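> just to be clear, the model below is a prediction. Sequence and coordinates:
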Amino acid sequence: MYRRILVATDGSKLSDRAVEHALALADLTGAEVVALRVVPRYPVTYYEGGIALSAEEVRAVEKQWEAEARATVNAVKAAGQRRQVKVKPITVKSDLVAEAIIAAAKRHHCDLIVMASHGRRGLKRLLLGSETQQVLTHAHTPVLVLR
C-alpha cells in the first residue's frame, strides 16, 4: 500500500503521536519512513526597541536549533529500529514549513504525509496560522492528520 511515509515532527508530544502512528503504519505495510524536521532561520527584525544579535550569536542559535532538529529525527530513527522499520532522518532549513514538508515529500517520493495538528479554530487559527492546513491545501500527496 505505502512504500515511503514522510512524518513531520517538531519534537513535541503532539508530533510524537504522529511519529508513533507513522511507524506503526510503516510496520504494518512494510514502508520506509522519512522523518523530517524543518528548522527555521533566525528572524532578523529591525523594529524600534528590538535587540539585534551579532552575526556570530545568530549562527550559534541556528547551530543549536539544527542540533536539536537532528536529535529529534535521530530519535525517530531509533524508535524505528526498535520496530525494525527503516527510517531516513532529514532536516531542512526553511522559514516556510508547509512548503518544505511538501517539497521533501516530493523529493523523497513519499506516498503519504503524516503530521499532527493542534486543531485550533476561529481566531486562534487565524492568528497562529496552520502549517497542517497549508499542507492539506497544497500537497498532491495524501495527508494523514492526527489531533
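Yep, that arrived. Numbering: from 1, shown residues only.
> and Thr91, what are its bridge partners?
Arg37 (DSSP bridges).
> tell me which residues of the lengthiest helix in the chain come out buried.
For the chain, the helix with the greatest residue count under DSSP state H is helix 55-82. Across helix 55-82, burial judged by 16 or more other CB atoms under 10 Å covers Trp65, Ala69, Thr72, Val73, Ala75, Val76, Ala79, Gly80. For the C-beta atoms, the positions are set from N, CA and C on the backbone; glycine is no exception.
> ok, stretch 19-30 next?
Val19, Glu20, His21, Ala22, Leu23, Leu25, Ala26.
> format those as TSV; extra columns: pLDDT and secondary structure.
Output for the buried residues of stretch 19-30, formatted as TSV (pLDDT from 0 to 100; DSSP: H, G, I helix; E, B strand; the rest coil):
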residue	pLDDT	secondary structure
Val19	97	helix
Glu20	97	helix
His21	97	helix
Ala22	98	helix
Leu23	98	helix
Leu25	98	helix
Ala26	98	helix
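> and Ala139, how far from Leu36?
13 Å (CB to CB, to the nearest Å).
> higher neighbour count, the two?
Set side by side, Ala139 and Leu36 show more neighbours around Leu36, with 28 against 18, by other CB atoms under 10 Å.
> which ones are touching that one?
Residues in contact with Leu36 (CB atoms under 8 Å, 6 or more residues apart in numbering) are Leu6, Val7, Ala8, Thr9, Val73, Ile90, Thr91, Val92, Ala100, Ile101, Ala104.
> hmm, the second one is touching Val33, no?
If I follow you right, that is Val7. Yes - counting by CB atoms under 8 Å, Val7 touches Val33, with 5.9 Å between them.
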